[in-house]
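# The following block contains a protein sequence and its predicted model.
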Amino acid sequence: MRVRIAALIAAVAIAGCSNLRHDEVILLPGKDKKVGSVVVSNSGGEVVLDKAYASAKTKGSTIVAGSSSPEEVGKAFGDTLAAQPPRPASYQIYFETGSDRLTGESSRSIEGILADIAKRPSPEVVVIGHTDTVGRAGIRNDELSRQRAEVVRTMLVKRGIPAASISVEGRGSRELLVPTADNVDEPRNRRVEITVR
């Protein structure tokens, strides 16, 4: 089986006295109700699943396409689904020009980020700093982007997030959110991206 894009459940059951492997793949919608696609293939062919709750069952080299309901999935896989860790979340906070001071709005958004981190049993937090194109593109912007990321890391650690669970990087002006020419003051590029998983 090869998976392209999707949220899915794969259930494997080996029949009692049979040497045939039985697999079932059910395509689930994401939290945003969007559905990707999955290709289920073996020596007997392939089936593309691209609708919510579409399924494919294999028995040896045979693939049988079908569908399930949300109720059937809940009944069969409810415990498994409930045991999944929370999905990764991404946040952006912004900084004043040429400094490591958060904007007022970004300072207020830290509480929501901390609440999300607190819900996770073993959080991993990636903090990546960025700059706009104002100033020297090389060393100065690299240092400033790293400094911004370190400021966020320090804020999180002071609020009880273990330092060992936070990684920090600075990317300078190399990964602009809004492409600009050199020396353009663009507030959306003066940011720190925080990914929580």
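Looks like it came in fine. Numbering: from 1, shown residues only.

# residues in contact with the closest residue to residue 68 other than its chain neighbours?
Sequence neighbours aside, residue 53 is the residue nearest to residue 68 in space, at 4.8 Å (criterion: CB to CB, 6 or more residues apart in numbering). Heads up, the C-betas are built off the backbone N, CA and C, glycines and all. Residue 53 is in contact with 26-29, 67-70, 73, counting by CB atoms under 8 Å, 6 or more residues apart in numbering.

# Show me the beta-bridge partners of the closest residue to residue 166 other than its chain neighbours.
Sequence neighbours aside, residue 125 is the residue nearest to residue 166 in space, at 4.5 Å (criterion: CB to CB, 6+ apart). As for beta bridges, residue 125 partners with residue 166, residue 196 under DSSP bridges.

# Could you shift the numbering so residue one becomes 49, and keep it that way?
Done: numbering now begins at 49, and the last item shifts to residue 173.

# Wait, residue 173 touches residue 211, no?
No: here residue 173 lies out of contact with residue 211, judged by CB atoms under 8 Å, at a distance of 10.0 Å.

# What distance do you get for the spatially most central residue of the chain to residue 202?
With distances taken as CA atoms, centre = their mean, the residue of the chain nearest its centroid is residue 136 (3.8 Å). Residue 136 sits 22 Å away from residue 202, taking CB to CB, to the nearest Å as the criterion.

# Now do the residue nearest to the centre of the chain against residue 214, distance only.
15 Å.

# Name the residues that touch the top helix by length along the chain?
Longest helix in the chain, counting residues (DSSP state H): helix 187-206. With CB under 8 Å, 6+ apart as the test, helix 187-206 has contacts from 141, 143, 146, 148, 150, 158, 162, 165, 173, 175-179, 181, 183, 211, 214, 216-221, 238, 240, 242.

# So among the residues you listed, which ones count as buried?
Buried members of the contacts of helix 187-206, counted by 16 or more other CB atoms under 10 Å: 141, 143, 148, 150, 158, 165, 173, 175-179, 181, 183, 214, 216, 218-221, 238, 240, 242.

# what about the helices in this protein?
Under the criterion DSSP H, helices of the chain are mapped to 118-130, 152-166, 187-206.
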